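> okay, predicted coordinates and the sequence, questions at the end:
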Amino acid sequence: MSDEAGDPDAESFPSARPERRPIRGAAIFVAGAAVAFLAWAMLFTGLPWQATAVGTVLVVGVATIVSRAGTRPRPRRRAGLERTQWPDAGMKLAVDALPDPCFITDARGRLRYANRAAASLGAIQPGDPLSFRLRTPSFLEALDRVATGGATERIAWAEKVPTDLWYEAHIAPIRIPGRAPEASGGPDFVLVMVRDLTEQRRVEKLRVDFVANASHELRTPLASLTGFIETLQGPARNDAAARERFLAIMAEQARRMKRLIDDLLNLSRIEMRSHIRPTVPVDLVEIAHQAADSLEPLAAELDVEIERALECGPLVVRGDRDELGQVFENLIENALKYGTEGKRVVIAGGREPGPDGRGQVFVTVRDFGVGIAAEHLPRLTERFYRIDNDASRARRGTGLGLAIVKHILGRHAARLGIDSRPGEGAAFTVRLDAADVPSVTRNDAGDEKKIKDLDLHKTTMPGS
């Protein structure tokens, strides 16, 4: 930090320049007068010139010694750094550069300065006690300990209103060098830096919940397998009918574990590539048709008809063909399993203007089943979230399908809309930006199918 005119710290460092004293001027005057007197004596009194020269040298030498003594380098007096003059401009710039909220208080806890990021914690004026904004008792106790001479402290706390918010504060004393200590033994100022830990705690909770749910999902079929193995090794050892029945159940439980492990590995692979945006142009119409074709056997088994209302021409986007195929397979499979009461599933797609003026394409998968209550919509894409656990397991679901859809669409910068009303089915709409590539010529524009009306009561959850 450089010294500037008017800065209270301008004389905080010793100066090596000599400071002229009045005695120096007096010594020079005396020396000059002595030389003049000796010259007069030599001319008018007849003194030998040798005596006059010696006297002149002696007088000048004495005057020089006295003069140098009067100009001996002397450190400047340190200017007192008033508490009203700190923090200075340089310190404020440094504090403003910090990304987290930062406060500087005096030893009594009154605010001296708050950086720009501190506005996120609410308004507080210089001179107000910091407790006007940060009221948690544990934080205030730690602040008081530091302000009364204690060492640096780090403390975390939670605020439950209006939502769960977690914070961590680093509280450190500031002592200005060269200034007399406070009578109380405390620091001159206290620095408080606050970090918002809410997102970190949320991610930690998701991780814990994920491990717990995955363990539970694996434990259930493993327990079933263990029980049947013990039964086959014991009472049912020679019972052929029981053995066949138990082996069929064991095979289904093994397949259930395989589906879960496959989904977990698939989700992990997608997350590892989440930062890489796909760039290859692909046709959503073709991908949706392939996904529907692969699920026709399941539709026949459930006695549900798949109706296709996709444009005949291509809907070109930049994406990963395999991953987008997984998206539509998951959405169509869910519609078949949970919309069996409606006896049909409609797949529609087309073009529409985007919110930013650019063109976008969409594909909607709609069922006509029992629908989804509004309170479940925001959590549908969470891992292992199920509206009805028993029904989901009966339909061989792992609870990860929509989580996989969300992460794939996130990688494609796409959006997922969910429209539903209980008793009227549900519509899942995927929207992506149209690719900036030349349009593909339609094979038969006259055979283009009309997209069916998919209006529902909208309780829309945008996808990530």
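That came through fine. Numbers count the residues shown, from 1 in each chain.

> how far off centre is the helix or strand hosting residue 226?
Per DSSP states H and E: residue 226 is located in helix 198-233. Remark: helix 198-233 is offset 29 Å from the chain centroid, using C-alpha atoms, centre = their mean, to the nearest Å.

> now the strands for the stretch 101-250 of the chain?
For the stretch 101-250 of the chain, applying DSSP state E, counting those that start in this stretch gives strands covering 102-106, 111-114, 153-159, 165-174, 189-196.

> most tightly surrounded among those?
Highest mean neighbour count among those (mean count of other C-beta atoms under 10 Å): strand 102-106, with a mean of 22. For glycine as for every other residue, the C-beta is placed from the backbone atoms N, C-alpha and C.

> neighbouring strands of it in the sheet, and parallel or not?
Applying DSSP bridges, strand 102-106 is found paired with strand 111-114 (antiparallel), strand 189-196 (antiparallel).

> between the ones you listed, which gets nearest to residue 161?
The closest of the strands paired with strand 102-106 to residue 161 is strand 189-196. By C-beta to C-beta, the value is 15.8 Å.

> quick check: domain ranges of this protein?
23-67, 99-201, 203-270, 277-433 (the TED database).

> coming back round to it: could you dump the strands paired with strand 102-106 to CSV with distance to residue 386 and mean pLDDT?
Output for the strands paired with strand 102-106, formatted as CSV (distance: least, C-beta to C-beta, whole Å; pLDDT from 0 to 100):
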stretch, distance to residue 386, mean pLDDT
strand 111-114, 46, 90
strand 189-196, 31, 93
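
> distance to residue 129 added to the ones you listed, as CSV?
Listed next are those as CSV, based on distance: least, C-beta to C-beta, whole Å:
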stretch, distance to residue 129
strand 111-114, 7
strand 189-196, 12
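
> out of the ones you listed, nearest to residue 225?
Among these, if distance is taken as C-beta to C-beta, the winner is strand 189-196, at 45.5 Å.

> now do the contacts for residue 152.
The contact partners of residue 152, taken as C-beta atoms under 8 Å, 6 or more residues apart in numbering, are 146, 170, 171, 172, 173.

> pLDDT and distance to residue 304 for these - can I get that in JSON lines?
What follows is the contacts of residue 152, written out as JSON lines (pLDDT from 0 to 100; distance: C-beta to C-beta, whole Å):
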{"residue": "146", "pLDDT": "93", "distance to residue 304": "67"}
{"residue": "170", "pLDDT": "95", "distance to residue 304": "59"}
{"residue": "171", "pLDDT": "95", "distance to residue 304": "63"}
{"residue": "172", "pLDDT": "94", "distance to residue 304": "66"}
{"residue": "173", "pLDDT": "93", "distance to residue 304": "71"}
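
> list just the nearest of those to residue 268.
residue 170 (34.9 Å).

> my read is that the closest one contacts residue 156, right?
No - between residue 170 and residue 156 there is no contact under C-beta atoms under 8 Å: 10.4 Å.

> can you map out the helices along the stretch 201-350 of the chain?
240-272, 284-294, 296-302, 321-338 (DSSP state H, counting those that start in this stretch).

> looking at those helices, which has the lowest confidence?
Lowest mean pLDDT within the helices of the stretch 201-350 of the chain: helix 240-272, at a mean of 87.

> that helix vs helix 198-233, what angle?
160 degrees (axes from the mean of the first three to the mean of the last three C-alpha atoms, to 10 degrees).

> leaving aside the residues next to it on the chain, what's closest to residue 411?
residue 274 (5.1 Å; C-beta to C-beta, 6 or more residues apart in numbering).

> ok, so what distance separates the closest residue in space to residue 150 that isn't next to it in sequence from residue 421?
Among residues not flanking residue 150 along the chain, residue 173 sits closest, at 7.6 Å (C-beta to C-beta, 6+ apart). When distance is defined by C-beta to C-beta, to the nearest Å, residue 173 is 60 Å away from residue 421.

> what about this protein, any weak spots by pLDDT?
Scanning the chain for pLDDT under 70 picks out the ranges 1-87, 179-184, 357, 389-396, 437-464.

> OK, contacts around the nearest residue to residue 126 once chain neighbours are set aside?
Nearest non-adjacent residue to residue 126, counting by C-beta to C-beta, 6+ apart: residue 111, 5.3 Å away. Contact analysis of residue 111 by C-beta under 8 Å, 6+ apart lists 103, 104, 105, 124, 125, 126, 127, 128, 129, 130.

> from residue 189, how far off is residue 111?
11 Å.

> what do those two both touch?
104, 105.

> how many residues are close by the nearest residue to residue 345 once chain neighbours are set aside?
Of all residues not flanking residue 345 in the chain, residue 335 sits nearest, at 4.4 Å (C-beta to C-beta, 6+ apart). Counted with other C-beta atoms under 10 Å, residues neighbouring residue 335 total 28.

> my read: residue 335 touches residue 365, true?
Yes - contact criterion C-beta under 8 Å: residue 335 and residue 365 qualify, at 5.2 Å.

> overlap of the contact sets of the two?
345, 428.

> measure how far stretch 306-317 is from the centre of its chain, please.
38 Å.

> returning to that earlier point: show me which of the contacts of residue 152 is closest to residue 117.
Distances from residue 117 to these, taken by C-beta to C-beta, are shortest for residue 170, at 13.9 Å.

> which residues does the closest one bridge with?
residue 154, residue 193.

> for residue 284, see how far away it is.
Distance from residue 170 to residue 284, by C-beta to C-beta: 50 Å.

> got it, and residue 173?
Taken as C-beta to C-beta, the span from residue 173 to residue 284 is 62 Å.

> same question for residue 290.
11 Å.

> give me the residue at the spatial middle of the chain.
By C-alpha atoms, centre = their mean, the chain has its centre lying nearest to residue 199, at 6.8 Å.

> from residue 227, how far off is that one?
Taking C-beta to C-beta, one finds residue 199 at 42 Å from residue 227.

> okay, stretch 243-261 in PDB with CA atoms only?
In PDB, the C-alpha atoms belonging to stretch 243-261 read as follows (Å, rounded to 0.1, in the frame of the first residue of the first chain):
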ATOM      1  CA  ARG A 243     -37.500 -75.500  -6.000                       C
ATOM      2  CA  GLU A 244     -38.900 -74.400  -9.400                       C
ATOM      3  CA  ARG A 245     -41.000 -71.700  -7.900                       C
ATOM      4  CA  PHE A 246     -38.200 -70.400  -5.700                       C
ATOM      5  CA  LEU A 247     -35.700 -70.400  -8.500                       C
ATOM      6  CA  ALA A 248     -38.000 -68.300 -10.600                       C
ATOM      7  CA  ILE A 249     -38.400 -65.800  -7.800                       C
ATOM      8  CA  MET A 250     -34.600 -65.800  -7.300                       C
ATOM      9  CA  ALA A 251     -34.000 -65.200 -11.000                       C
ATOM     10  CA  GLU A 252     -36.400 -62.200 -10.900                       C
ATOM     11  CA  GLN A 253     -34.600 -60.700  -7.800                       C
ATOM     12  CA  ALA A 254     -31.200 -61.200  -9.500                       C
ATOM     13  CA  ARG A 255     -32.600 -59.300 -12.600                       C
ATOM     14  CA  ARG A 256     -33.900 -56.600 -10.300                       C
ATOM     15  CA  MET A 257     -30.400 -56.100  -8.800                       C
ATOM     16  CA  LYS A 258     -28.800 -56.100 -12.300                       C
ATOM     17  CA  ARG A 259     -31.300 -53.400 -13.500                       C
ATOM     18  CA  LEU A 260     -30.400 -51.300 -10.500                       C
ATOM     19  CA  ILE A 261     -26.600 -51.700 -10.900                       C
END
